[in-house]
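Asker: give me a model of this one.
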Amino acid sequence: MALPSRLARSSVRRAAFQHARWSSSAAKPLSLKERLAELIPAEIENVKAIRAAHGKKSFGPVLVDQLYGGMRGLPALIWDGSVLDAEEGIRFRGKSIPEIQAALPKAPGGSEPLPEGLFWLLVTGEVPTQEQVAELSRDWAARAAIPEFVEEIIDRCPPTLHPMSQFSLAVTALNHDSAFAKAYQSGISKKEYWGPTFEDAMDLIAKLPNIAGRIYRNVFGQGKLPAIDPAKDYSHNLATLLGFGENPAFVELLRLYITIHSDHEGGNVSAHTGKLVGSALSDPFLSYAAALNGLAGPLHGLANQEVLVWLRKMQTAIGEDASDEAVKEYIWSTLKSGQVVPGYGHAVLRKTDPRYTAQREFALKHLPDDKMFKLVGQIYNLVPDILLEAGKAKNPWPNVDAHSGVLLTHYGLDQMQYYTVLFGVSRAFGVAAQLIWDRALGAPLERPKSYSSAAIQKMFKDKP
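Answerer: Alright, predicted model coming up:
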């Protein structure tokens, strides 16, 4: 949230100092919603200043290839929570993954950042205190219950219905109690849209563990769903609902997993879909249900499953503890058969995905002798050179999916069809944060211009 002038920045610093001084002497620190209410007026003025100074300036040409190529690389969205740099990877409000791992509050005895802290950062641009994060955990636990009719919807789904389809159904049904939908029907002022949107966003995130846990236990036969513990953090409760809450390492893995999967700028399918549907003033439940349907697509949310399938086929073909030469031969056979090496390459990144690195460091700490992890490391040492030699990738380095399924499998969560649900729980953080700001800033209905192929031909007829 950079401000347009030195004077404005100075004013914000003075206000921040006064707020910090007030907070230190107050009995209770500001809640996330109270802090957000303080930030919104200044950010509205910031956006006005940016548009006044730069609104008529060109922001890069549009190529015909971009229209036919899925708008790849086309600058067309404002997304404040995160920016993806080709060399550095993702930054959340300007902070890299190692920086947020160091800065964000941890659970007592834990070393991974709490997702509650990341959500606070995504919404405010500020690193919260331990007390603020603890209060957010309690707030989400208090909001976690889902309506009985939503429980019935999930319970009536056949176990053969894909977990993501069940997930989307349940989130859509939460619209029944949408604070924004009710406020809109009552004629709320546009300036106040952000308030009920905030409440819906908080409810959405809070209720996802109960939905995800119920789906998991129904489909994979894990028995009755335990209750949310208001004394535990979000990831610990989710781990418990999945049946892994007694394993501290798995709880730590979930904290890391949710944090690094929470946001990846606004151009990916799920994020863009949530923003697009939200621009029609659909409430956060409807918006995020639409995002989940995009996340369920094979080209978006299923990559970690494909990695695991490929790794298991490799182990079956060449055995465990195979030599580098045997692994190389298998990689080449994959490429020569017309397939890609799953988990490698990225639409934007041109270096190893920092999310991969964070997971590798976790594995080195918690499961260094796991055979599948060792294979992933062996592949990491071999694949980039092979892809470069084959000319198959602009980016021959691993992405986040090359590791996540292996870590989940190590702890016993080996139902691959479920992995996208965990991804969906995580990605709600970034989409919800942006929906709140879109309503606070009065973002308009998204309506890009489309052209037909005939129109393109006519446009460039007789032109070089």
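
Asker: Gly442 and Lys190 touch, don't they?
Answerer: Yes - contact criterion CB atoms under 8 Å: Gly442 and Lys190 qualify, at 6.2 Å. C-beta coordinates here come from the backbone N, C-alpha and C atoms, glycine included.

Asker: any chance you could map the helices in the stretch 251-400 of the chain?
Answerer: 269-279, 284-295, 303-318, 324-336, 354-366, 371-390 (DSSP state H, counting those that start in this stretch).

Asker: what's the angle from the shortest one to helix 284-295?
Answerer: So the one you mean is helix 269-279. With axes from the mean of the first three to the mean of the last three CA atoms, to 10 degrees as the basis, helix 269-279 and helix 284-295 are set at 150 degrees to each other.

Asker: now swap in the fourth one and tell me
Answerer: Compare the direction of helix 324-336 with that of helix 284-295 by the same axes, to 10 degrees and you get 100 degrees.

Asker: now helix 324-336: mean pLDDT?
Answerer: The predicted model assigns helix 324-336 a mean pLDDT of 95.

Asker: tell me the angle of it relative to helix 303-318?
Answerer: Using the same axes, to 10 degrees: helix 324-336 against helix 303-318 is 120 degrees.

Asker: and of the helices of the stretch 251-400 of the chain, who's closest to Glu148?
Answerer: Evaluated over the helices of the stretch 251-400 of the chain, closeness to Glu148 peaks at helix 284-295, with 16.8 Å, by CB to CB.

Asker: so how far is the closest one off the chain centroid?
Answerer: 12 Å (CA atoms, centre = their mean, to the nearest Å).

Asker: same for that helix, what does it pack against?
Answerer: Counting contacts by 3 or more CB pairs under 8 Å, 6 or more residues apart in numbering; DSSP states H and E, helix 284-295 packs against helix 163-173, helix 194-220, helix 269-279, helix 419-440.

Asker: flag every buried residue along the third one.
Answerer: The one in question is helix 269-279. Val269, Ser270, Ala271, His272, Thr273, Gly274, Lys275, Leu276, Val277, Gly278, Ser279 (16 or more other CB atoms under 10 Å).

Asker: looking at the helices and strands packed on helix 284-295, which is buried most?
Answerer: Highest mean neighbour count among the helices and strands packed on helix 284-295 (mean count of other CB atoms under 10 Å): helix 419-440, with a mean of 26.

Asker: show me how far that one is from its chain's centre.
Answerer: 6 Å.

Asker: repeat for stretch 280-292
Answerer: Distance, centroid of stretch 280-292 to centroid of chain: 15 Å (CA atoms, centre = their mean).

Asker: show me which positions of it end up buried.
Answerer: Under 16+ other CB under 10 Å, the buried positions of stretch 280-292 are Leu281, Ser282, Asp283, Pro284, Phe285, Leu286, Ser287, Tyr288, Ala289, Ala290, Ala291, Leu292.

Asker: cool, stretch 34-50 as well?
Answerer: For stretch 34-50, burial by neighbour count (16+ other CB under 10 Å) applies to Arg35, Leu36, Leu39, Ile40, Glu43, Asn46, Val47.

Asker: which two from the buried residues of stretch 280-292 end up farthest apart in space?
Answerer: Leu281 and Leu292 (19.1 Å).

Asker: Leu39 versus Ala440, what's the distance?
Answerer: 9 Å (CB to CB, to the nearest Å).

Asker: nope, Leu388 is what I meant
Answerer: 46 Å.

Asker: same check on Gln415?
Answerer: 41 Å.

Asker: what of Gln166?
Answerer: 36 Å.

Asker: same check, this time on Gly266
Answerer: Taken as CB to CB, the span from Gly266 to Leu39 is 20 Å.

Asker: one more: Val150?
Answerer: In terms of CB to CB, Val150 sits 33 Å off from Leu39.

Asker: same question for Gly243.
Answerer: 39 Å.

Asker: ditto for Lys57
Answerer: Lys57 is 26 Å from Leu39, by CB to CB.

Asker: poorly predicted segments of the stretch 151-300 of the chain, please.
Answerer: Judged by pLDDT under 70, the stretch 151-300 of the chain has no weakly predicted residues.

Asker: repeat for the stretch 1-150 of the chain
Answerer: In the stretch 1-150 of the chain (pLDDT under 70), the answer is 1-27.

Asker: mind listing the helices for it?
Answerer: Going by DSSP H, counting those that start in this stretch, the stretch 1-150 of the chain shows helices at 6-25, 32-54, 64-68, 97-103, 115-124, 130-142, 148-156.

Asker: quick one: the last one to chain centroid distance?
Answerer: In this case it means helix 148-156. 26 Å.

Asker: fine, thanks again, bye for now.
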